[in-house]
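Colleague: Give me coordinates for this.
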Amino acid sequence: MKTNGTLKTLTILFLFLVCFEAKIFSQPEYYFVNSSLVSGTDKSVGALYRFPLVKAGVDATVLINYISPNISIQDFDDNRNGGFDEAFQPRIRAAGKTAGYVEFVITFVQTGTNIPMPQSEIPATSIDVDGTLNKTDTMLEFDEYLTPGAYFLDYDLISTDIRYTYNTGRVMGKNFRGQEKALIDTMAMEAMFTVVYPNASSITVRIGLDNQLTNNTVRQRSVYFKRFRFTNSFLPLNNLVSFAGNRNRNGESVLNWQLRAGHEYATAIVEKSTDGVSFSPAGNLGMSNKNSAAFTDMASKNSAAYYRLRMVDKSGKSSLSAVLYMRSPNMQASGKLNVYPSIVNDNTNISFSADNTGNVSISLFDHSGRMILNKQMMVQSGTNTINLNGLNKFNNGQYVLVVNENGNRYARQLQLAY
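Modeller: So this is what the prediction gives:
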């Protein structure tokens with residue numbers, strides 16, 4: 001059974017309040033209704049559709065870019081059988097014993113034109129990524145997003161039915177539990193994940209099925225263009241997405257950080273310490289209308305130091321980041337990857353010597369080998385220091401931290417104890 005998300009009957013006041021709070025946080029930014037075929041053959045490769053006025057002054061075009069063999073589109077955008085007007089909802093058909101996808105290119109344009117219109121961010125949330133699993137046959141849904149340029153991924157780390165695969169230029173979330181959900185439901189966060197593209201006008205998503213059933217299957221899918229608050233998100237709740245640093249050629253500390261779009265911070269004050277206890281301001285940067293910034297501490301040449309960010313909002317209220325430790329380049333480190341401290345309460349520092357400037361993935365695995373955290377980070381050639389926080393949401397015990405650089409994996413063990 002599918003639903004359009006409207007609460008028909010109120011039986012428990014608490015349930016209403018929970019749903020109301022979730023709705024407030026997740027007010028839609030886009031509406032995908034009333035599409036029309038602009039060119040090409042309906043439901044075929046090359047077909048181009050337009051959704052008018054997905055938001056004020058903005059249309060969205062959707063191009064069917066590729067369809068795998070034995071996969072077809074039954075309905076281009078089906079809102080009649082449940083789900084949400086705020087989502088793009090194709091109905092996909094897969095033949096028996098078939099795995100494949102339909103690739104859609106979704107572009108935001110000025111109303112009535114084909115002129116791309118960059119958005120401050122495009123949040124795409126895959127909903128109801130579920131399936132069926134038994135001893136002989138399985139059917140598992142997946143969505144794969146192409147990720148040129150900057151992006152970040154958010155999902156519930158503790159309760160999830162989805163396994164994530166990272167490849168160059170794309171990230172895929174695929175159901176692995178095979179537990180069918182009754183609804184296209186934004187409360188079933190274990191079957192959801194969000195990919196956010198900052199400053200983009202277009203995204204490409206592959207909406208797919210791995211159908212190992214004997215018979216054909218038809219599945220309604222849903223991509224909702226809104227962020228959601230995941231209970232056990234690995235993105236900090238204080239709007240600080242990442243805080244990292246590296247040494248430049250002069251041996252100076254270069255700090256960089258990224259904030260969620262829509263934050264209300266006015267100023268970032270960089271605070272510095274030589275002992276990790278007493279901090280004093282080292283500089284400040286205006287953050288209004290900025291989602292990222294960098295700061296070079298020219299007084300730190302070749303010397304160890306501790307850093308933290310004091311983020312001040314428009315009302316004058318401030319909040320502190322975790323502490324980032326930059327070791328002296330003269331200190332000897334064993335190997336490319338080091339973690340300190342290795343006995344962790346809430347946060348730790350990762351020191352990684354990168355061969356080249358580029359993206360690396362940082363993953364944390366529990367004792368069973370299950371990946372419970374994954375972050376994509378930009379590093380510079382040479383020694384980089386990255387602060388990893390929010391670890392106290394996981395249970396005490398032994399974990400393995402892995403950094404993947406261009407297919408090369410480097411691992412260190414750490415222990416959570418609090």
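
Colleague: Determine the set of other helices and strands touching the helix or strand hosting residue 384.
Modeller: Per DSSP states H and E, residue 384 falls inside strand 382-388. Strand 382-388 sits against strand 240-247, strand 324-326, strand 348-354, strand 358-365, strand 371-379, with contacts defined as 3 or more C-beta pairs under 8 Å, 6 or more residues apart in numbering; DSSP states H and E. Quick note: C-beta positions are derived from backbone N, CA and C, even for glycine.

Colleague: Count residues in the vicinity of the nearest residue to residue 381 once chain neighbours are set aside, would you?
Modeller: Leaving aside its sequence neighbours, residue 381 sits nearest to residue 357 (C-beta to C-beta, 6 or more residues apart in numbering; 4.9 Å). Neighbour count for residue 357, taken as other C-beta atoms under 10 Å: 12.

Colleague: Check the one 5 residues further on too.
Modeller: Counted with other C-beta under 10 Å, the burial measure for residue 362 works out to 19 neighbours.

Colleague: Same question for residue 289.
Modeller: Residue 289: 6 surrounding residues under other C-beta under 10 Å.

Colleague: so which helix or strand takes in it?
Modeller: Per DSSP H and E, there is no helix or strand for residue 289.

Colleague: Indicate each strand paired with the strand holding residue 384 and its parallel or antiparallel sense.
Modeller: Applying DSSP bridges, strand 382-388 is found paired with strand 240-247 (antiparallel), strand 348-354 (antiparallel).

Colleague: Flag every buried residue along the last one.
Modeller: Pointing back at strand 348-354 there. 348, 349, 350, 351, 352, 353, 354 (16 or more other C-beta atoms under 10 Å).

Colleague: need the residues you listed in CSV with pLDDT and distance to residue 218, can you?
Modeller: Below are the buried residues of strand 348-354 laid out as CSV (pLDDT from 0 to 100; distance: C-beta to C-beta, whole Å):
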residue, pLDDT, distance to residue 218
348, 85, 47
349, 85, 50
350, 88, 45
351, 85, 51
352, 87, 46
353, 85, 50
354, 86, 46
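
Colleague: quick one: low-confidence parts of the stretch 1-150 of the chain?
Modeller: Where the stretch 1-150 of the chain drops to pLDDT under 70, the residues are 1-28, 148-150.

Colleague: Distance from the chain centre to the strand holding residue 384, please.
Modeller: Distance of strand 382-388 from the chain centroid (C-alpha atoms, centre = their mean, to the nearest Å) equals 20 Å.

Colleague: Against which helices or strands is the helix or strand just after that strand packed?
Modeller: Next along the chain after strand 382-388, taking DSSP H and E as the criterion, comes strand 397-405. Counting contacts by 3+ C-beta pairs under 8 Å, 6+ apart, strand 397-405 is packed against strand 337-340, strand 348-354, strand 358-365, strand 408-416.

Colleague: For the stretch 51-200 of the chain, just list every one of the strands.
Modeller: For the stretch 51-200 of the chain, the strands defined by DSSP state E, counting those that start in this stretch cover 58-67, 71-75, 87-88, 91-94, 98-110, 119-127, 131-133, 138-146, 152-154, 162-167, 170-175, 193-200.

Colleague: right, so those: which one is the most enclosed?
Modeller: strand 87-88 (a mean of 27; mean count of other C-beta atoms under 10 Å).

Colleague: tell me the mean pLDDT for the strand holding residue 384?
Modeller: On average, the pLDDT along strand 382-388 is 85.

Colleague: which outside residues touch it?
Modeller: Residues outside strand 382-388 that contact it (C-beta atoms under 8 Å, 6 or more residues apart in numbering): 242-247, 321-327, 329, 333, 347-354, 362, 364, 375, 377, 379, 401.

Colleague: just to revisit the earlier point, now the helices and strands packed on strand 382-388 as JSON lines including distance to residue 307?
Modeller: Output for these, formatted as JSON lines (distance: least, C-beta to C-beta, whole Å):
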{"stretch": "strand 240-247", "distance to residue 307": "7"}
{"stretch": "strand 324-326", "distance to residue 307": "5"}
{"stretch": "strand 348-354", "distance to residue 307": "10"}
{"stretch": "strand 358-365", "distance to residue 307": "19"}
{"stretch": "strand 371-379", "distance to residue 307": "17"}
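
Colleague: And the closest residue in space to residue 340 that isn't next to it in sequence, how close does it get to residue 338?
Modeller: The shortest distance from residue 340 to any non-neighbouring residue, by C-beta to C-beta, 6+ apart, is to residue 349 (5.6 Å). Computed with C-beta to C-beta, to the nearest Å, the distance linking residue 349 and residue 338 is 9 Å.

Colleague: what do you get for residue 176?
Modeller: 32 Å.

Colleague: Neighbour count for these two, which is higher?
Modeller: More crowded of residue 176 and residue 338, by other C-beta under 10 Å: residue 338, with 19 against 15.

Colleague: Distance of the more buried one relative to residue 351?
Modeller: Taken as C-beta to C-beta, the span from residue 338 to residue 351 is 4 Å.

Colleague: Okay, and the beta partners of residue 408?
Modeller: Beta-bridge partners, per DSSP bridges, of residue 408: residue 405.

Colleague: can I assume residue 92 is in contact with residue 76?
Modeller: No - Residue 92 sits out of contact with residue 76 when judged by C-beta atoms under 8 Å, with a separation of 10.5 Å.

Colleague: With that, I have no additional questions.
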